[in-house]
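J.: this is a predicted model, with the sequence first.
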Protein chains: 2
Amino acid sequence: MTTLDTPVDAVADAFSGAGPGAAVEAVDELTFLGFVEHAANEAHHRLPDLDHTSMQLVLTLSRIASAVTYDIESSVHRPAGWSWAGFRIMFALWVAGPREAKTVASLTGMSRAAVSNLLRTLIRDGYVARRTHPDDARAIEVRLTPSGAAQLVPVFAQHNAREAAWAAVLDDEEKSQLLNLLNKLSARGREPWVRQRD
Amino acid sequence: MTTLDTPVDAVADAFSGAGPGAAVEAVDELTFLGFVEHAANEAHHRLPDLDHTSMQLVLTLSRIASAVTYDIESSVHRPAGWSWAGFRIMFALWVAGPREAKTVASLTGMSRAAVSNLLRTLIRDGYVARRTHPDDARAIEVRLTPSGAAQLVPVFAQHNAREAAWAAVLDDEEKSQLLNLLNKLSARGREPWVRQRD
DNA sequence: CCCAGTCAGTCAATGCCTGTACTAAATCGT
DNA sequence: ACGATTTAGTACAGGCATTGACTGACTGGG
């Protein structure tokens, strides 16, 4: 262990009083996903003017998304030799057919720079082919190679199986309810006050 | 533009046939969030055995989470001089009180290494204080400094206002429905077959 | 009491992603 | 027809996150 403790004079009484939130042992047992409820309640207790429900909603939403992503990436994509991001690009090309790089960026929600980077390795590894766009010499057109498409399909199938395993806690009615509600939020995301890439 | 087009011999007929997914011009107009529906339908059309609903669900879920995160981070946390990740650590400490670093990692869902890195800058900037854990010389105990706590509150308020703005498309009934459904997924995430960090 | 195994935190290497700046190509107004 | 503006892709610097290896500290069985 190399790093030093915080210099005494810099923190004054940081460790002296109960401060914001005295230790509660039970919290140590909480997991990533289980922490949300405790956190929202505690925050609401200390700052009652905040919107408790929205807090829980966004916190839960982002944690689940991150848990699902981590699970699928580490169990499917990494073992297959791809990153989640690389897969997203290939999936977009598989679905949409040959596209300009900037379209890939907007379809996947990545920056143009990120797409440019990822394409470099996808092309090097033979999954994607590029050519100058026939009608616009500034642009490039990328598409899956036959080999890329062939390798994508089984990985996508595994990916989907994993998705289905997660979704299996919900019955059909609940799934369509959830999809419905998420789509409402989705519509919200297209309103002008929301910050988006580019 | 420096990079070359894909060498001809490496891609054979990649650009010759219709291949997987011939170009459909309308796709160019789709946005990040709008692409999901098209993608799911197209994928279902080509691989009908896959689970269509789960696909939409997970795709929509992760895109909304990413859109919300990007919006809040770029409109609230970056302007305040913090990263989303740094804020998450401070928030966890604010809620949970002084904790060991490894607890912070599990509460925030980050790796121990990531927490270690972020703590370095949070401590340097005076938001967080550390000391060796009194009962275990391997561990450190971190907590918010009074200044860190003081600066966290208004940023958190802005954060929450933004959350509330997103959630405002839903009425109270829908919010609690959504929270309910997300909690079911959350429970799923704690089952043993799900891959988690550590 | 001590050695083997475990555990906490850190470091190094690597990869993703962002914002900014730049180059070259297209486009628009006059 | 041409200069000013916009646009597509890329280079670069910097932050964040992951895995894996390492160091030093605890723990429990012989």
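T.: That came in fine, so what should we check first?

J.: all contacts plus neighbour counts: C-alpha atoms, from now on.
T.: Fine.

J.: what's the helix or strand residue A:104 falls within in contact with?
T.: According to DSSP states H and E, residue A:104 maps onto helix A:101-108. Outside of helix A:101-108, the residues within contact range by Cα atoms under 8 Å, 6 or more residues apart in numbering or on different chains are A:88-89, A:92-93, A:111-112, A:115-116, A:139-142, B:28, B:30-33, B:35.

J.: could you list the buried residues of stretch A:105-114?
T.: The neighbour-count check on stretch A:105-114 (16 or more other Cα atoms under 10 Å in any protein chain shown) flags A:105-110, A:112 as buried.

J.: tell me where chain A has strands.
T.: A:99-100, A:128-132, A:140-144 (DSSP state E).

J.: in TSV: those, plus mean neighbour count and distance to residue B:167.
T.: Below are the strands of chain A laid out as TSV (neighbours: other Cα atoms under 10 Å in any protein chain shown; distance: least, Cα to Cα, whole Å):
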stretch	mean neighbour count	distance to residue B:167
strand A:99-100	21	34
strand A:128-132	22	39
strand A:140-144	25	37
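
J.: can you list the weak-confidence ranges in chain A?
T.: Residues of chain A meeting the criterion pLDDT under 70: A:1-26, A:198.

J.: close to DNA strand D: what parts of it are there?
T.: A:1, A:74, A:100-103, A:112-113, A:116-117, A:119, A:138-141 (Cα under 7 Å from any atom of the strand).

J.: ok, so of those, who is nearest residue A:147?
T.: Using Cα to Cα, residue A:119 comes nearest to residue A:147 of the residues of chain A next to DNA strand D, at 15.5 Å.

J.: number of nearby residues for the closest one?
T.: Neighbourhood size, residue A:119 [other Cα atoms under 10 Å in any protein chain shown]: 21.

J.: measure it to DNA strand C for me?
T.: Distance of residue A:119 to DNA strand C, given as Cα to the nearest atom of the strand, to the nearest Å: 9 Å.

J.: also residue A:42?
T.: As judged by Cα to the nearest atom of the strand, residue A:42 and DNA strand C stand 23 Å apart.

J.: now that residue: closest residue in space that isn't a chain neighbour?
T.: Nearest in space to residue A:42, with sequence neighbours left out and distances taken as Cα to Cα, 6 or more residues apart in numbering or on different chains, is residue B:95 at 6.2 Å.

J.: next, the angle from the helix holding residue A:104 to strand A:128-132.
T.: Following axes from the mean of the first three to the mean of the last three Cα atoms, to 10 degrees, one obtains 140 degrees for the angle between helix A:101-108 and strand A:128-132.

J.: centre of the chain to helix A:101-108, how far?
T.: With Cα atoms, centre = their mean, to the nearest Å as the basis, helix A:101-108 stands 16 Å off its chain's centre.

J.: what angle do that helix and strand A:140-144 make?
T.: With the same axes, to 10 degrees as the basis, helix A:101-108 and strand A:140-144 are set at 50 degrees to each other.

J.: could you list the residues of chain A in contact with DNA strand C?
T.: With the criterion set to Cα under 7 Å from any atom of the strand, chain A comes near DNA strand C through A:1-3, A:82-86, A:109-114, A:117-118, A:135-138, A:197-198.

J.: need the buried ones from the residues you listed selected in ChimeraX.
T.: Buried members of the residues of chain A next to DNA strand C, defined by 16+ other Cα under 10 Å, are picked up in ChimeraX with:
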select /A:82,84,85,86,109,110,112,118
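
J.: which of the residues of chain A next to DNA strand C are close to chain B?
T.: Among the residues of chain A next to DNA strand C, proximity to chain B is found for residue A:109 (Cα under 8 Å from any Cα of the partner chain).

J.: where exactly do the helices run in chain A?
T.: Taking DSSP state H, the helices of chain A run over residues A:8-11, A:35-46, A:52-72, A:84-96, A:101-108, A:112-124, A:146-167, A:172-188.

J.: can you say which of the ones you listed is nearest to residue B:183?
T.: helix A:52-72 (7.5 Å).

J.: residues in contact with that closest one?
T.: Contacts of helix A:52-72 (Cα under 8 Å, 6+ apart): A:32-33, A:36-37, A:40-41, A:44, A:159, A:162-163, A:166, B:58, B:61-62, B:65-66, B:68-69, B:160, B:163-164, B:167, B:175-176, B:178-179, B:182-183, B:185-186, B:189, B:194-196.

J.: my guess is residue A:119 contacts residue A:127, does it?
T.: No. Counting by Cα atoms under 8 Å, residue A:119 does not reach residue A:127; the two are 9.3 Å apart.

J.: measure the residue nearest to residue A:164 when sequence neighbours are not counted to residue A:130 for me?
T.: With Cα to Cα, 6+ apart as the criterion, residue A:164 has its nearest non-adjacent residue at 5.2 Å, and that residue is residue B:54. With distances taken as Cα to Cα, to the nearest Å, residue B:54 is found 32 Å from residue A:130.

J.: list phi and psi for residue A:190.
T.: Phi and psi for residue A:190, reported as degrees, to the nearest 10, are phi -100, psi 0.

J.: count of residues packed around it?
T.: 16.

J.: what's the distance between it and chain B?
T.: Applying Cα to the nearest Cα, to the nearest Å, the value for residue A:190 to chain B is 8 Å.

J.: burial count for the nearest residue to that residue once chain neighbours are set aside?
T.: Counting by Cα to Cα, 6+ apart, residue A:190 lies nearest to residue B:33, which is 7.8 Å off, once chain neighbours are set aside. Using other Cα under 10 Å, residue B:33 has 22 other residues around it.
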